[in-house]
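Participant: would you be able to build a 3D model of this:
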Amino acid sequence: MIQNISATCVGTSCVCRARLLLSRSATLHTGLHEPKRASVTPLPGRNNRFRANCAPSCVTRHAITRARISGHVRLVGSYMAARGKFIVLEGIDGSGKRTQLEMLARALSDRGVPCEQVSFPNYSGFFGRIVARFLNGEFGPLEAVDPHFSALLYAGDRFESKPKMEAALASGKTLLADRYIGSNLAHQGARVVPDARSEFLEWLRRLEYHIYALPPEDLVIYLHVPVDEAHRLIGQKAARDYTNRRRDLQEADRAHLAGAAEVYYELAHQKNWVRIDCMERTGGQMRSPQSIHDEIISVIAERLAVPAHAVR
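Facilitator: The predicted model follows:
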């Protein structure tokens with residue numbers, strides 16, 4: 001099947017328009033192989049001759065308006081950047097997500113891998129400030145707040161960050177997130193009666209992935225900690241800016257944490273999810289942060305085909 005691509009470039013001394021006819025069977029550039037030459041068909045109208053000798057400043061400003069191919073495409077000496085990888089850390093409160101995210105970001109940065117971090121909720125944002133009010137109990141106890149309402153707040157918070165996330169991925173950076181859509185599914189899904197949970201989760205997935213069209217995760221690492229241990233660790237947290245409570249509305253409710261862990265357990269069966277147990281197999285002690293970090297690095301190298309030297 002032949003696909004059309006119209007390109008326009010504007011330089012200081014030339015204006016050129018070209019239609020490139022790329023066969024789907026043509027070899028795309030992957031960084032290891034050169035692509036096949038693309039045939040060129042002039043467009044009707046003025047200046048319809050494709051000028052292969054355009055100035056470099058013109059070439060680098062090509063805009064592809066109707067491209068349906070993925071990967072790297074060589075276009076008159078310039079390349080479309082490959083999408084960066086999107087890695088998310090998930091888990092109930094107290095599972096050590098923030099610690100592991102910072103360790104992972106340092107490991108990547110030390111090895112020259114460009115990356116960017118996001119954390120949800122963003123309590124300084126429009127929706128994040130309302131999330132803080134919800135977690136402070138301003139809308140009533142947890143059971144009094146409709147999970148659709150709270151889910152919309154968390155989803156809206158991510159939607160605010162969509163331009164930042166898409167820009168990072170489009171530039172080829174590795175995007176690291178402390179919580180993402182999985183947190184909304186687990187925490188709000190836990191508040192829905194089991195018989196209606198599947199329908200609620202499908203509604204929420206449609207909202208975040210389709211209505212808001214938030215970028216999908218390449219890899220989700222689920223840090224599993226038993227509920228009792230997580231509840232104990234929450235009590236050791238320092239004061240947070242978003243709440244005046246020792247434990248916020250969700251953290252204080254052990255039954256809610258157990259419900260969220262149950263939903264997380266089901267979510268972790270998805271093909272782009274990996275579960276990492278944060279407790280020692282014997283002795284009932286938490287593993288060291290370094291031990292957990294080392295396993296995260298191994299998972300990333302295996303699942304995303306990242307060279308070991310890039311992250312070790």
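
Participant: walk me through the domains of the chain.
Facilitator: 2-79, 86-311 (automatic domain parsing).

Participant: in terms of mean pLDDT, which of those domains ranks lowest?
Facilitator: Least confident of those, judged by mean pLDDT, is domain 2-79 with a mean of 39.

Participant: buried ones in stretch 164-181?
Facilitator: Of all the residues in stretch 164-181, those buried under the rule 16 or more other C-beta atoms under 10 Å are M165, A168, L169, K173, T174, L175, L176, A177, D178, R179, Y180, I181. Bear in mind the C-beta positions are built from the backbone N, C-alpha and C, glycine included.

Participant: how far away is the second one from E266?
Facilitator: Here A168 is placed at a distance of 29 Å from E266 (C-beta to C-beta, to the nearest Å).

Participant: cool, and N244?
Facilitator: N244 is 34 Å from E266, by C-beta to C-beta.

Participant: pull the number of nearby residues for E202.
Facilitator: A count of neighbours around E202, defined by other C-beta atoms under 10 Å, yields 10.

Participant: ditto for H231
Facilitator: 20.

Participant: now it: closest residue in space that isn't a chain neighbour?
Facilitator: Closest residue to H231 apart from its sequence neighbours, by C-beta to C-beta, 6 or more residues apart in numbering: R254 at 5.4 Å.

Participant: does the one you found really touch V227, like I thought?
Facilitator: Yes - counting by C-beta atoms under 8 Å, R254 touches V227, with 6.6 Å between them.

Participant: so for the two, which sits in the more crowded spot?
Facilitator: Legend: neighbour count by other C-beta under 10 Å for R254 and V227, higher for V227 (18 against 14).

Participant: which residues touch that one?
Facilitator: Listed by C-beta atoms under 8 Å, 6 or more residues apart in numbering, the contact partners of V227 are I92, R254, L257, A258, A261.

Participant: at 7 Å what do you get?
Facilitator: R254, L257, A258, A261 (C-beta atoms under 7 Å, 6 or more residues apart in numbering).

Participant: who wins on neighbours among those?
Facilitator: L257 (24 neighbours).

Participant: what helix or strand is it on?
Facilitator: In the assignment (DSSP states H and E), L257 maps to helix 254-267.

Participant: where along the stretch 151-300 of the chain do the helices fall?
Facilitator: 162-170, 181-189, 194-205, 227-234, 254-267, 289-303 (DSSP state H, counting those that start in this stretch).

Participant: may I see those arranged in TSV, with distance to V88 as well?
Facilitator: Listed next are the helices of the stretch 151-300 of the chain as TSV, based on distance: least, C-beta to C-beta, whole Å:
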stretch	distance to V88
helix 162-170	11
helix 181-189	7
helix 194-205	15
helix 227-234	18
helix 254-267	11
helix 289-303	12
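
Participant: just say which of the ones you listed is most tucked in.
Facilitator: helix 181-189 (a mean of 25; mean count of other C-beta atoms under 10 Å).

Participant: can you tell me what sits against that one?
Facilitator: For helix 181-189, using C-beta under 7 Å, 6+ apart, the contacting residues are 88, 90, 120, 147, 150-151, 154-155, 197, 200-201, 204, 208, 214, 220, 250, 260, 263-264, 267.

Participant: between it and helix 254-267, how many degrees?
Facilitator: Computed by axes from the mean of the first three to the mean of the last three C-alpha atoms, to 10 degrees, the angle separating helix 181-189 from helix 254-267 equals 130 degrees.

Participant: okay, helix 181-189 in CSV with CA atoms only?
Facilitator: Output in CSV follows, covering the C-alpha atoms of helix 181-189 (Å, rounded to 0.1, in the frame of the first residue of the first chain):
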residue,chain,number,x,y,z
ILE,A,181,-3.7,6.1,35.6
GLY,A,182,-3.2,2.8,37.6
SER,A,183,-3.5,4.7,40.9
ASN,A,184,-6.9,6.1,39.8
LEU,A,185,-8.1,2.7,38.8
ALA,A,186,-6.9,1.1,42.0
HIS,A,187,-7.9,3.7,44.6
GLN,A,188,-11.2,4.7,43.1
GLY,A,189,-12.1,1.2,41.9
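
Participant: got the angle for that helix vs helix 194-205?
Facilitator: Using the same axes, to 10 degrees: helix 181-189 against helix 194-205 is 150 degrees.
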